[in-house]
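Asker: Predicted coordinates and the sequence they were generated for:
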Amino acid sequence: MDPNAYADILTAASRKAALQGQASGLSASKMNNANAALCSDNTTNTNSCPTGLTQDQLTNFNSLSFQMTQLLQSEVACPGDGNEDKVVNGQDLAFWRKFAELAMGGSSWYDFNLDGMTDPADLVIIKKNLGTKCLPKK
């Protein structure tokens, strides 16, 4: 069935709930089609929607995208923790120095402000957060 047909059936709230995995009152097959429609009728963000996929592939893509988003959102932000040990400490300072040298002015894992450079502005973020212990969300 054409996934665009479901775009007319689902309200914006139901479609959003379908993407976020919330209860929407839809059967599993309609939920899959709703997820597929989310990408197929998304004309403003074409970078996140692949082209040339079969219906099954598009359904799988939407499912995996949802699961990845959930996983990424479960990660606690920890500014200055470049080695991702959940503590901003001397290791991050040492690694920043090494990555700044290796990146030769470009971006690296320690480009915390995402300006395209591993530079003193990123070092400020580490120093500002020294001693921070980042706990996972409950």
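Answerer: On my side now, so go ahead.

Asker: got the residue ranges for the helices in this structure?
Answerer: 4-9, 12-20, 28-40, 55-74, 90-103, 120-129 (DSSP state H).

Asker: So for the first one, mean pLDDT?
Answerer: What helix 4-9 shows for mean pLDDT is 36.

Asker: ok, now the third one?
Answerer: Mean pLDDT, computed over helix 28-40, is 48.

Asker: Also the last one?
Answerer: Rounded to a whole number, the mean pLDDT of helix 120-129 is 97.

Asker: repeat for the fifth one
Answerer: Computed over helix 90-103, the mean pLDDT rounds to 95.

Asker: Show me what that helix is packed against.
Answerer: If contacts are counted by 3 or more CB pairs under 8 Å, 6 or more residues apart in numbering; DSSP states H and E, helix 90-103 sits against helix 120-129. (Glycine included, C-beta is placed from N, CA and C.)

Asker: Break this protein into its domains for me.
Answerer: 4-74, 76-138 (automatic domain parsing).

Asker: what's the neighbour count on E75?
Answerer: 11 (other CB atoms under 10 Å).

Asker: Give me the pLDDT for it.
Answerer: 78.

Asker: same thing with M68?
Answerer: pLDDT, M68: 88.

Asker: Now do the contacts for I125.
Answerer: P79, G80, F112, N113 (CB atoms under 8 Å, 6 or more residues apart in numbering).

Asker: Just put those residues in TSV and tack on neighbour count and pLDDT.
Answerer: Listed next are the contacts of I125 as TSV, based on neighbours: other CB atoms under 10 Å; pLDDT from 0 to 100:
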residue	neighbour count	pLDDT
P79	15	95
G80	24	96
F112	21	93
N113	13	93
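
Asker: out of those, who's nearest T132?
Answerer: Nearest to T132 out of the contacts of I125 is G80 (CB to CB; 6.9 Å).
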